[in-house]
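Colleague: quick one, fold the following:
(chains A and B)
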2 protein chains.
Amino acid sequence: MTTTTAELETLAAAAAAAAPIWRGSDAATRASWLRAAADALDAHIDELVVIADEETRLGETRLRGEVGRTTGQLRLFATVVEEGSYLELTVDDADPSATPPRPELRRMLTGVGPVAVFSASNFPFAFSVAGGDTASALAAGNPVIVKAHSGHPRLSERTATIVAEALVAAGAPEGSLALVEGREAGNALVQHPVIQAAGFTGSLGGGRALFDLASGRPDPIPFYGELGSVNPVVITPTAIAARGDALAQGLVGSFTLGVGQFCTKPGVVFIPAGAGFEDLVAGFATGSAGGPLLTDRITAAFPEGIEHLEADPSVSVVAQGLPVEAGAARPVVLSTDAAAVAARPETLLEECFGPVTLLVRYSSDEELLTALRAVPGSLTGTLHSEPGDDVADVLAVLERKVGRVLFAGWPTGVAVTWSQHHGGPWPATTSLHTSVGATAIRRFLRPVTFQDAPESLLPDVLRDASLAALPHRRNGVLQVP
Amino acid sequence: MTTTTAELETLAAAAAAAAPIWRGSDAATRASWLRAAADALDAHIDELVVIADEETRLGETRLRGEVGRTTGQLRLFATVVEEGSYLELTVDDADPSATPPRPELRRMLTGVGPVAVFSASNFPFAFSVAGGDTASALAAGNPVIVKAHSGHPRLSERTATIVAEALVAAGAPEGSLALVEGREAGNALVQHPVIQAAGFTGSLGGGRALFDLASGRPDPIPFYGELGSVNPVVITPTAIAARGDALAQGLVGSFTLGVGQFCTKPGVVFIPAGAGFEDLVAGFATGSAGGPLLTDRITAAFPEGIEHLEADPSVSVVAQGLPVEAGAARPVVLSTDAAAVAARPETLLEECFGPVTLLVRYSSDEELLTALRAVPGSLTGTLHSEPGDDVADVLAVLERKVGRVLFAGWPTGVAVTWSQHHGGPWPATTSLHTSVGATAIRRFLRPVTFQDAPESLLPDVLRDASLAALPHRRNGVLQVP
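Modeller: Okay, here's the model as predicted:
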């Protein structure tokens, strides 16, 4: 199925018509719409998980969990809308005695307009039709048009139908959520005059192409893309001495989780040379299970990525996981050294989707830091150290490379909370914003300030009576009700 | 003077070396650096104003006022840094009982890295070397490299020297503020790997070219440009009946202020047909004074813009201001009708720099709304109405077109406060952010989240002891000390 130009025009017109209604909806109403969408997904979980498993092979347990995360996101954003800080309500009272005299100014954030969401292959629920981008765009007060991922078309259609119907049944306007299919329709979507912002999760190549289309419009729009990440991990000698076994087991668990298809998979692990860590990892990796990847095309591409790495003379195979049937990906641990990584980062630090990780031996702090500086921008960076280790330099580099710095943990698993940041320097993301967590809503809002407005002409939330019940700043002072 | 490639490399390396020091500076230190820059400008105001007047012809009164605004901006951002909300400190405590268990997450904003600032012709102080973009970038914890405007090279060099020396004298690192000159150097600057964001105030053509360079980098960076604005004004029949004289006088004062060279100049004014407002405006406009524009080139281009408008068959001249000498711009009021504007918006609604405004007659609400919808994105939109007027539809259109909606005032004059928003839909600005006011700092910050960090490895501001003294959110609850 491919959405035609005429169909896109119809959907865009409906989104444009729905936009003022979403934007003007009060907090309680908008929150109820988000919760209605969550409730509808919960009510259809059995049916949806069956379709999702047929299309993505991710398995029932993972997929049920992902539906929970998806409905949790919708409900979190309902809370965010009700809490009201996202409006950034700010009032400066008039000051006729100032030079020049100051008018009254009242500022708020408001929905940017209809949003395009490009869904991900590897999160058929949580970053697809009703996923985090959609939830945050709706919460900001914007209708959404989703470009379905070609990897799960039936699930996309069914999810869109369920959510769109639930929204309308809850009182939201027609045109609140729509779906388009096909690459051409996606390209047309991001360039459509009605669309005011876009969210994307996917490959560097695909994301860059859409980013260029969004930036090349006569009226460029923000394109919030998450494009790829190698998620560096640094392990110190003392950490291996203290808990080498646990670290090796944790690493194998993390890089094989979901058959290595998480955007936060630890793809490159800096380890001290000569500490025996490769053997420890091999011990756990040889017992690890692979499986089919999301699609036949992705599964077929997996060995090519490995071969590309193995072609480098510095790379050797540390271990392979349990044998798999044809059409499945077998876990692989590779190793190289820091000097090779520093010399050939383009080859050795390219993201490789699937259950593979690259151990990088370092022999000195200087070698480690040089190689670490060659790592491309990533979503996460992890440090395993012990008290007493001097890690200041490593942390200083990591903090500039990534959006989330983890200590003594593994990057797979992304809590959806107020503090989460899922973003990082290019190519991890295309912007200074997050796609996971409460502040993801900021991507789909624009400020507007009202100067000397009669109270009757102000938006409700900017009137004094509303301010009393909402977090706001008045004359520079932050106030919490 | 043109900055060479080698010189740019030296400046970029110095900015890169200064970046961690700015980023790591505590609030009191960073605020003291900003205030030192302001104090130095104040101390050199006599010298600077003489140079500025020679290069821009804006006159001593205006230029002294602009220095005050510039130092006021630097001091406002010192306050913003001390207040601490801009850090968006957010903590979610660990929840081992959650499914899956939640780690502790602590989020903050931190400086994005060295910033490029492209200074404006029409604000030689307030949006040039030490202007709003520079102040907000420094406040965010970033060194700045300014591209000098070719219209005031000596002032740029002198300002940069004074501020850079004052920063170093106050303890800031070398490389905190630098200047480059020449178009080629500007193009190289926005593409330089060290530069992580750019601020720009200028023309649509120049801004678009730089936006395209920033977006086209191998690693695109945010480009915050303010490119042009016609600043629509809508006047209702009842407003003219109630205070037509005052409105005509106010309009003439606003569009001729600073010889019509403000980015918020009211360039298009929707007026009811047959209400006699053109005659009222003519009465004040014929006595209005013009003058030389910023440069000879801009002055020479002014009549061309007028001729371009007059070539439209719908346009007539309502009034001209007092005669001027050769090499100066004479104020002009033109008029047309709403149907012509709706039919030929590209011709009639192009921004025209200098003391000219276009009155647009409307005969019905429908005509007004149709023409208003054709107005390009603008910084401001102004409504002059009376209680009882039904202005809901007009306001709904204005609020989507502009970043600041004014009531019963004039858009020239931009208060630098917490609530100000100076931005709007393309082409007014290239982003969803402001270039004036406290929240301009957000443009030059990026989030980073720390997961399960030992307290000793956290940045100071994220430790519990610091949080107690700063606005922050903990487990979803906003807290003000």
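Colleague: list the buried ones in the top helix by length along chain A?
Modeller: Longest helix in chain A by number of residues (criterion: DSSP state H): helix A:60-83. Across helix A:60-83, burial judged by 16 or more other Cβ atoms under 10 Å in any protein chain shown covers A:63-71, A:73-78, A:80-81, A:83. No exception for glycine: its C-beta is placed from N, CA and C like everyone else's.
Colleague: now narrow those residues to whatever sits close to chain B.
Modeller: Residues of these in contact with chain B (Cβ under 8 Å from any Cβ of the partner chain): residue A:83.
Colleague: confidence-wise, which helix or strand of chain A is lowest on average?
Modeller: helix A:296-310 (a mean of 92; mean pLDDT, DSSP states H and E).
Colleague: counting neighbours, which bits of that helix end up buried?
Modeller: For helix A:296-310, burial by neighbour count (16+ other Cβ under 10 Å) applies to A:298, A:299, A:302, A:305, A:306, A:309.
Colleague: is chain B contacted by stretch A:441-450?
Modeller: Yes. Using Cβ under 8 Å from any Cβ, we find that stretch A:441-450 touches chain B at A:445, A:446, A:447, A:448, A:449, A:450.
Colleague: those residues in helices, which ones?
Modeller: Per DSSP H, the subset of the residues of stretch A:441-450 next to chain B in helices is empty.
Colleague: hey, where'd the helices end up in the stretch 151-300 of chain A?
Modeller: A:153-169, A:183-191, A:204-216, A:237-256, A:277-285, A:296-310 (DSSP state H, counting those that start in this stretch).
Colleague: need the contact partners of the last one.
Modeller: Judged by Cβ atoms under 8 Å, 6 or more residues apart in numbering or on different chains, the contacts made with helix A:296-310 from elsewhere in the structure are A:121, A:292-293, A:315, A:317, A:327-329, A:332, A:334, A:347-348, A:350, A:352-354, A:356, A:358.
Colleague: at 6 Å instead, please
Modeller: Identification of contacts with helix A:296-310 by Cβ atoms under 6 Å, 6 or more residues apart in numbering or on different chains yields A:292, A:293, A:315, A:327, A:329, A:332, A:334, A:352, A:354, A:356.
Colleague: enumerate every residue touching the closest residue to chain B within the stretch 1-150 of chain A.
Modeller: Across the stretch 1-150 of chain A, the shortest distance to chain B (Cβ to the nearest Cβ) belongs to residue A:105, at 3.7 Å. Going by Cβ under 6 Å, 6+ apart, residue A:105 touches A:92, A:449, A:451, B:419, B:420.
Colleague: quick one: contacts for the second one?
Modeller: Residues touching residue A:449, when contacts are defined by Cβ under 6 Å, 6+ apart, comprise A:105, A:107, B:404, B:419, B:421.
Colleague: the last one now?
Modeller: Under the criterion of Cβ under 6 Å, 6+ apart, the contact partners of residue B:420 comprise A:105, B:436, B:437.
Colleague: find the nearest non-adjacent residue to it, please.
Modeller: Nearest non-adjacent residue to residue B:420, counting by Cβ to Cβ, 6 or more residues apart in numbering or on different chains: residue B:437, 3.1 Å away.
Colleague: and that neighbour, how many neighbours?
Modeller: For residue B:437, the tally of surrounding residues (other Cβ atoms under 10 Å in any protein chain shown) stands at 28.
Colleague: and the gap between the nearest residue to residue A:363 once chain neighbours are set aside and residue B:345?
Modeller: Nearest non-adjacent residue to residue A:363, counting by Cβ to Cβ, 6+ apart: residue A:273, 4.8 Å away. Residue A:273 sits 67 Å away from residue B:345, taking Cβ to Cβ, to the nearest Å as the criterion.
Colleague: before we move on, what about residue A:310?
Modeller: For residue A:310, the distance to residue B:345 - Cβ to Cβ - is 60 Å.
Colleague: centre of the chain to the least confident helix or strand of chain A, how far?
Modeller: Mean-position distance between helix A:296-310 and its chain equals 24 Å (Cα atoms, centre = their mean, to the nearest Å).
Colleague: ditto for stretch A:8-18
Modeller: 26 Å.
Colleague: buried sites along it?
Modeller: Across stretch A:8-18, burial judged by 16+ other Cβ under 10 Å covers A:8, A:11, A:12, A:14, A:15, A:16, A:18.
Colleague: so which residues on the stretch 201-350 of chain A come close to chain B?
Modeller: Proximity of the stretch 201-350 of chain A to chain B, by Cβ under 6 Å from any Cβ of the partner chain, involves residues A:215, A:219.
Colleague: that concludes my questions; thank you for your assistance.
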